[in-house]
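A.B. asks: Fold the following and give me the result.
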Amino acid sequence: MRDKDPRRAARRLWRLSYEVPQIAHDQIALQQLSRLPGAYLPWSSAAMRPGGVVAILNDILIGCRRTIVECGSGISTVFIARLLREREGHVYSIEHDPQWADIVESWLEAEDLTDRVTIVRAPLESAERWETEWYAADLLDPITAGPPIDMLIVDGPVAQGSRLGLARYPALPFFRGVLAPGASVILDDIGRAGEQQVMGRWEGEFAISFERSAEEAGTATALVSPGAARTAFASAP
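C.D. replies: Predicted coordinates for the structure are as follows:
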């Protein structure tokens, strides 16, 4: 039946124009991910989209990433571990939900991948300087005391809703001092207003620029340059 409300019809057309490329992109991504075989994983609407996972795996291979920090554990954690099975590299995956951390760890154990991933359990606490809640900083010392990070994936904590829109902002200010020159910073869920605001603040405060050309994947990537970005990090609040 034809929709008689032109505004509602326009919204539907816009949603279709946005969703159809995403669906096609994810179908291709799932074919690529099938080359990293393993046990079935329960993909839900809360999980990173297949296109986003492939974007991360591509960056790991092309950029030769070795020390990877992931804010928010999940399906992406397992696929990264599968990729690293025959390669050098380690993932530190930060998770605030202890039950979910146990589930992800059980997936890794079932595939004998625990040597490639450390699940860092860190509950959320008030981070007043950033006016939000974020992971308990003292529990992240094993990460910041380790080798320089050459990939930072920001897919947590939960950031849905207006009150939590900037929940992922602290990731870059917190880890800025231990990012390697040339490191990649990947933000998921960039179709949401909160993540758009986070990107804008990071670009303005840390002299980095996010590549948005692959928005069908739901992620955006920025590279930390050896010179200008390091200077910006040193002076950032």
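
A.B. asks: Any idea which helix or strand in the chain has the lowest mean pLDDT?
C.D. replies: Ranked by mean pLDDT, DSSP states H and E, the weakest helix or strand in the chain is helix 228-235, scoring a mean of 39.

A.B. asks: Near residue 223, how many other residues are there?
C.D. replies: 17 (other CB atoms under 10 Å). Glycine gets a C-beta too; all of them are placed from N, C-alpha and C.

A.B. asks: now do residue 99
C.D. replies: Neighbours of residue 99 using other CB under 10 Å come to 7.

A.B. asks: ok, now residue 84?
C.D. replies: 21.

A.B. asks: Spit out the contact partners of it.
C.D. replies: Shown in contact with residue 84 (CB atoms under 8 Å, 6 or more residues apart in numbering): 60, 90, 91, 116.

A.B. asks: If we use 6 Å, what do you get?
C.D. replies: Counting by CB atoms under 6 Å, 6 or more residues apart in numbering, residue 84 makes contact with residue 116.

A.B. asks: List phi and psi for residue 28.
C.D. replies: When read as degrees, to the nearest 10, the backbone of residue 28 gives phi -70, psi -40.

A.B. asks: which residues touch it?
C.D. replies: If a contact means CB under 6 Å, 6+ apart, then residue 28 has no contacts.

A.B. asks: which outside residues touch stretch 190-197?
C.D. replies: With contact meaning CB under 6 Å, 6+ apart, stretch 190-197 is reached by 159, 165, 166, 187, 189, 220.

A.B. asks: helix or strand for the fourth one, which one?
C.D. replies: Which is residue 187. Element membership for residue 187, per DSSP states H and E: strand 179-188.

A.B. asks: That strand - contacts with which helices or strands?
C.D. replies: Here strand 179-188 touches helix 50-63, strand 149-154, strand 219-223, going by 3 or more CB pairs under 6 Å, 6 or more residues apart in numbering; DSSP states H and E.

A.B. asks: Can you pull the poorly scored residue ranges out of this structure?
C.D. replies: For the chain, the stretches with pLDDT under 70 are 1-25, 160-164, 213-217, 226-237.

A.B. asks: what about the strands in it?
C.D. replies: With DSSP state E as the criterion, the chain has strands at 67-71, 90-95, 117-121, 124-127, 132-135, 149-154, 179-188, 210-211, 219-223.

A.B. asks: hang on, the earlier thing: quick check, distance from the strand holding residue 187 to the centre of its chain.
C.D. replies: From the chain centre to the centre of strand 179-188 is a distance of 10 Å (CA atoms, centre = their mean, to the nearest Å).

A.B. asks: Now do the buried residues in that strand.
C.D. replies: Residues 179, 180, 183, 184, 185, 186, 187, 188 are the ones in strand 179-188 that count as buried (16 or more other CB atoms under 10 Å).

A.B. asks: residues of stretch 171-181 that come out buried?
C.D. replies: For stretch 171-181, a neighbour-count test (16+ other CB under 10 Å) marks 171, 172, 173, 174, 175, 176, 178, 179, 180 as buried.

A.B. asks: Cheers, nothing more for now.
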